[in-house]
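Participant: give me a model of this one.
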Amino acid sequence: MGAIQAIRGTRDILPGEIGYWQQVEMVAAQILSRALYQEIRTPIFEQTELFERGIGEATDIVGKEMYTFRDRGDRSITLRPEGTAGVVRSLIEHKLLASGGVQRLWYKGSMFRYERPQAGRQRQFHQIGVELLGSADPRADVEVIAIATDLLQALGLKNLKLDLNSVGRGVDRIAHREALVNYFTPYKDELDKDSQERLHRNPLRILDSKDEKTQAIAQNAPKIIDHLSDESRRHFDRVQQLLTDLGIEYQINHCLVRGLDYYTHTAFEIKSDDLGAQSTVCGGGRYDGLVAELGGPDTPAVGWAIGMERLILLLQKLVSAPALVPDFYVVSKGDSAEAQALILAQKLRSVGFRVELDLSGSAFGKQFKRADRSGAIACLVLGDSEAQNNTVQLKWMATQVQQAIAQADLLSNLDNLKQEIERHKN
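Facilitator: Coordinates of the predicted model:
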């Protein structure tokens, strides 16, 4: 019988890579907490209707990519393909929007879409996202864009580009839709198969086609900006001015429509030149009609999501993996010494030190070699003599300076010990 392997489109995140993930999550939590965004965690699966109504039945996600099944109660259940609809459902269900005011939320977790797996794109993938609900002010749009920019820059990313567009509101899109149908109809036979199907069902999505020939045709398609109402144009102009005020550079991308039907007004993507074809790291926009569409009060909202797989690929190219380096590596030999070493390691861990305890029972020489490879700042050595006298040999790895010290004294001067660890790190 063959070995069982991970399902196609899923992958294990191994210890050698996990440091990148933990770094992203830690930095995200810090930056978002400073802007008073609170974390929310929603179920991985929901009623299928949530995504059909929220994302739009005419989208590829709902039509082709969702993992949908019937449970034992014969209910249609779907693994979440994105995070926003579930967050909105939760806010409505728990009446968190009833009092009005602004809700600032963020989430992280797995999403699922049946796509062709490739670098940076899996069928089970991960996102970090933010949602700002309760404000129609263009400043809300710019706030979430600025936070995304801060986060990516804090992680050390460069060569980032912000693509910006407005998809208007309902009346704007009706006029634009008619213009698109009239424009693309003469080219129908030249469009890719998916775009031919979208022509009358959802022509706006043709602008998002990845087919090169369709993209070339779409370059001269009617632009939504030419069909914006005065209100929509004022909103878009204000967003651009605020971005300029913050020193955030952007470029208008008239073909940027995003893949979800719930977007209104601002749509944006942050891309990296270092990622090749799959260049989008963060995408989002405003979705003023979604809450009402899902049965809640009329609530303006804006948000974004960062694809973790693509972000990690980029970080792996640009920065070294954060290393988990011990402060102390504990070497011991002999029954009494090994028992005391375990106790000492636990006591040091309990006060905040990173401690690796060698459990091999091998000769001191082999344990010292592993201590060197670990990158530890210091080595603690216990043998029969140390165990008998309740002492320990403290060896600073960088200088090889070694001293005998009572175990009780080691644990009673923690402030000095922490200062010495920091000094030897530098």
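Participant: what residues sit buried inside the helix or strand encompassing Ser336?
Facilitator: Per DSSP states H and E, Ser336 falls inside helix 335-350. Buried residues in helix 335-350, counted by 16 or more other Cβ atoms under 10 Å: Ala337, Glu338, Gln340, Ala341, Leu344, Ala345, Leu348. Just so you know, the C-beta spots here come from the backbone N, C-alpha and C atoms, and that holds for glycine as well.
Participant: distance from the chain centre to the helix or strand of the chain with the lowest mean pLDDT, please.
Facilitator: Least confident helix or strand, the chain: helix 60 with a mean of 71, by mean pLDDT, DSSP states H and E. For helix 60, the separation from the chain centroid amounts to 22 Å (computed by Cα atoms, centre = their mean, to the nearest Å).
Participant: equivalent analysis for stretch 415-422, please.
Facilitator: The gap between where stretch 415-422 is centred and where its chain is centred comes out at 35 Å by Cα atoms, centre = their mean.
Participant: flag every buried residue along it.
Facilitator: In terms of neighbour count (16+ other Cβ under 10 Å), stretch 415-422 has its buried residues at Leu417, Glu420, Ile421.
Participant: show me the contact partners of that stretch.
Facilitator: Stretch 415-422 is contacted from outside by Asp327, Gly352, Phe353, Ile377, Ala378, Leu410, using Cβ atoms under 8 Å, 6 or more residues apart in numbering.
Participant: what do you get for stretch 56-64?
Facilitator: 51-52, 55, 81-82, 113-114, 194, 198, 201-202, 205, 259-262.
Participant: quick one: which of the residues you listed is nearest Glu269?
Facilitator: Using Cβ to Cβ, Gly259 is the member of the contacts of stretch 56-64 that lies nearest Glu269, at 10.7 Å.
Participant: which residues touch stretch 23-34?
Facilitator: Against stretch 23-34 from outside (Cβ under 8 Å, 6+ apart): 39, 106, 108, 128, 130, 147, 150-151, 154-155, 308, 311-312, 315, 322.
Participant: quick one: mean pLDDT for the helix holding Ser336?
Facilitator: The average pLDDT within helix 335-350 is 96.
Participant: not counting it itself, show me its contacts.
Facilitator: 327-328, 330-332, 355, 357, 361, 380, 382-384, 386-388, 390, 392, 407, 410-411.
Participant: if you set the cut-off to 6 Å instead, what comes out?
Facilitator: Identification of contacts with helix 335-350 by Cβ atoms under 6 Å, 6 or more residues apart in numbering yields Val330, Ser332, Val355, Leu357, Leu382, Gly383, Ala387, Leu411.
Participant: just confirm the first one is within a helix.
Facilitator: Same thing as Val330. No - judged by DSSP: H, G, I helix; E, B strand; the rest coil, Val330 forms no part of a helix; its state is strand.
Participant: measure it to Arg349 for me?
Facilitator: Between Val330 and Arg349 the computed distance is 10 Å (Cβ to Cβ, to the nearest Å).
Participant: do the same with the third one
Facilitator: With distances defined as Cβ to Cβ, the gap from Val355 to Arg349 amounts to 5 Å.
Participant: then Ile248?
Facilitator: From Ile248 across to Arg349, the span is 43 Å (Cβ to Cβ).
Participant: which is the next helix or strand following the helix or strand containing Phe368?
Facilitator: Per DSSP H and E, Phe368 falls inside helix 364-374. Downstream of helix 364-374, the first helix or strand assigned by DSSP H and E is strand 378-382.
Participant: show residues contacting whichever helix or strand comes after that next one.
Facilitator: Going down the chain from strand 378-382, the next helix or strand is helix 384-389, by DSSP H and E. Helix 384-389 has contacts (Cβ under 6 Å, 6+ apart) with Gly334, Ser336, Ala337, Gln340, Val392.
Participant: which elements pack onto the following helix or strand past helix 384-389?
Facilitator: Toward the C-terminal end, the helix or strand that comes next after helix 384-389 (DSSP H and E) is strand 391-396. Contacts defined by 3 or more Cβ pairs under 6 Å, 6 or more residues apart in numbering; DSSP states H and E place strand 391-396 against strand 378-382, strand 402-406.
Participant: ok, 8 Å please
Facilitator: strand 378-382, helix 384-389, strand 402-406, helix 407-412 (3 or more Cβ pairs under 8 Å, 6 or more residues apart in numbering; DSSP states H and E).
Participant: most tightly surrounded among the ones you listed?
Facilitator: strand 378-382 (a mean of 24; mean count of other Cβ atoms under 10 Å).
Participant: which strands border it, and is each parallel or antiparallel?
Facilitator: Each strand that pairs with strand 378-382, with its direction, by DSSP bridges: strand 328-332 (parallel), strand 391-396 (antiparallel).
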